[in-house]
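Asker: Return a 3D structure for these sequence lines:
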Amino acid sequence: MDFSALTLGVVLLIGVAFLFDLINGMHDAANSIATIVSTRVLKPFYAVAWAAFFNFAAYFVFETHVADTIGRGLISPQVMDNQVVFGALAGAITWNLITWWGGIPSSSSHALVGGIVGAGVTKAGFDSILWAGLSKTLSAIVLSPFTGFVLGIALVLLVSWLFLRANPAFADGLFRKLQLISSALYSLGHGSNDAQKTAGIIAVLLYANGVYSEFVVPAWVVFSCYAVMGLGTMLGGWRIVHTMGSKITRLTPMQGACAETAGAITLFGASSLGIPVSTTHTITSSIVGVGSAKRYSAVRWNVATGIVWAWIITIPAAGLLSAGYYFLVHLF
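Answerer: Numbers count the residues shown, from 1 in each chain. Now for the predicted structure:
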């Protein structure tokens, strides 16, 4: 490691990356706690602390496959200079703040992906795109919510059949306890995927500036990103919690446990494969799945449709914002 390459500009950009990570944790707090808050298994403060702990605990469980994809799997690392990194982060942060203020559960992950691609293409054209990594990520836009939706339906139907003759009071008490486990697993999956995205962009920044002679994801970077994301989760995003926890559908503890388990399974698989999926897409589709398993009308489809539109425009919107920021910083 060449410490002399850690210029003021590089340090400031690492700070911007941590700001994105913090806002990501705040923006996506709803992903981890909306179900457990809406079912009143935990009060908001305790739910946030619970989620933040397991977001951070993912550091000790998962390898850095997602960070590798973000750092060198979307745009050629040779293109990723300071201006591109700043444009990508600034565009993603701006989009996150817009959707956070509006209470829209859009994807921080896809905002960052759109930002990286938008700034990279603005600098070096479409030849700079690594299509294998980008196509894998774009495919996950469809596959991860579909997987969460199907698993959500399957789990709630299976559990309903298994507990068909169970005493309602016993079942409710049991699933309130099980939801502590399922929400912990989901928060673990959330940390495994989302914190690594910031680690990936810091790693390529360090490589581009010669701090490291080859692309690596240092342990101190990963640890810091998990810690900052945990802090962001502690600060929370209550507008989005309200949308996720009650506007889409009303959840029971059993449904909440099924939704979180479906989301956790999806995220564990994606993180193991190094695919930067949207945790927001995953848990939202799982909630829709468990709600629709009860009956079609249990889901407020107008709210769900609005969320889908936010998903569709996130990558191009963040990409355009990042292109604008790249042009702006390039002038100086």
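Asker: And the contacts of stretch 67-82?
Answerer: Contact partners of stretch 67-82, identified using C-beta atoms under 8 Å, 6 or more residues apart in numbering, comprise 9-10, 13, 84, 112-113, 116-117, 120-121, 123-124, 128-130, 132-134, 136-137, 196-197, 199-201, 203-205, 207-209, 215, 217, 222, 274-276. Yep, even glycine has a C-beta here, placed from its N, CA and C like the rest.
Asker: Just the ones of the residues you listed in helices?
Answerer: Applying DSSP state H to the contacts of stretch 67-82, the entries found in helices are 9-10, 13, 84, 112-113, 116-117, 120-121, 123-124, 132-134, 136-137, 196-197, 199-201, 203-205, 207-208, 222.
Asker: Could you pick out the buried ones from those residues?
Answerer: By neighbour count, with 16 or more other C-beta atoms under 10 Å, these hold 10, 13, 84, 112-113, 116-117, 120-121, 123-124, 133-134, 136-137, 196-197, 199-201, 203-205, 207-208, 222 as buried.
Asker: I'd like the distance from the residue lying closest to Ser187 once chain neighbours are set aside to Tyr186, if you could.
Answerer: In space, Ser187 comes closest to Phe54 once its chain neighbours are excluded; the distance is 3.6 Å by C-beta to C-beta, 6 or more residues apart in numbering. Look at Phe54 and Tyr186: by C-beta to C-beta, to the nearest Å, they are 8 Å apart.
Asker: wait, what's in contact with the residue sitting furthest away from the middle of the chain?
Answerer: Of all residues in the chain, Arg165 has its C-alpha farthest from the mean position, at 37.9 Å, by C-alpha atoms, centre = their mean. Applying C-beta under 8 Å, 6+ apart to Arg165 gives no contacts.
Asker: Pull up the gap between it and Asp172, please.
Answerer: Distance, Arg165 to Asp172, using C-beta to C-beta: 15 Å.
Asker: In the stretch 51-200 of the chain, where is pLDDT below threshold?
Answerer: The model of the stretch 51-200 of the chain has pLDDT under 70 over residues 103-105.
Asker: What ranges does it have for its strands?
Answerer: With DSSP state E, counting those that start in this stretch as the definition, the stretch 51-200 of the chain shows no strands.
Asker: how about the helices in it?
Answerer: Ranges of helices within the stretch 51-200 of the chain are 65-72, 82-101, 108-124, 131-162, 168-208, based on DSSP state H, counting those that start in this stretch.
Asker: Ok, which of these comes nearest Tyr46?
Answerer: The closest of the helices of the stretch 51-200 of the chain to Tyr46 is helix 168-208. By C-beta to C-beta, the value is 10.1 Å.
Asker: on that earlier part again, more neighbours: Phe54 and Tyr186, which one.
Answerer: Tyr186 (33 against 22; other C-beta atoms under 10 Å).
Asker: Hmm, Ile265 and that one touching each other?
Answerer: No: Tyr186 is beyond contact range of Ile265, at 9.5 Å (criterion: C-beta atoms under 8 Å).
Asker: tell me the contacts of Gly118?
Answerer: Gly87, Ala88, Gly91, Ala318, Gly319, Leu320, Leu321, Ser322, Ala323, Tyr326.
Asker: hmm, 10 Å instead?
Answerer: The contact partners of Gly118, by C-beta atoms under 10 Å, 6 or more residues apart in numbering, come to 75, 84, 87-88, 91-92, 315-326.
Asker: Mind checking which of the residues you listed are buried?
Answerer: For the contacts of Gly118, buried by 16+ other C-beta under 10 Å: 75, 84, 87-88, 91-92, 315, 317-326.
Asker: before we move on, back to that, now for Tyr186 and Ile265: what residues contact both?
Answerer: Common neighbours of Tyr186 and Ile265 are listed as Thr282, Ser286 (criterion: C-beta under 10 Å, 6+ apart).
Asker: What separation do you get for Arg40 and Lys177?
Answerer: Distance from Arg40 to Lys177, by C-beta to C-beta: 14 Å.
Asker: Quick check, pLDDT for Gly236.
Answerer: What the model reports as pLDDT for Gly236 is 63.
Asker: Equivalent analysis for Arg300, please.
Answerer: As predicted, Arg300 sits at a pLDDT of 59.
Asker: What's the mean pLDDT across stretch 258-274?
Answerer: For stretch 258-274, the mean per-residue pLDDT is 91.
Asker: Give the closest residue to Ala132 in space, chain neighbours not counted.
Answerer: Closest to Ala132 by C-beta to C-beta, 6+ apart is Gly73, at 7.6 Å.
Asker: I appreciate the help and will end here.
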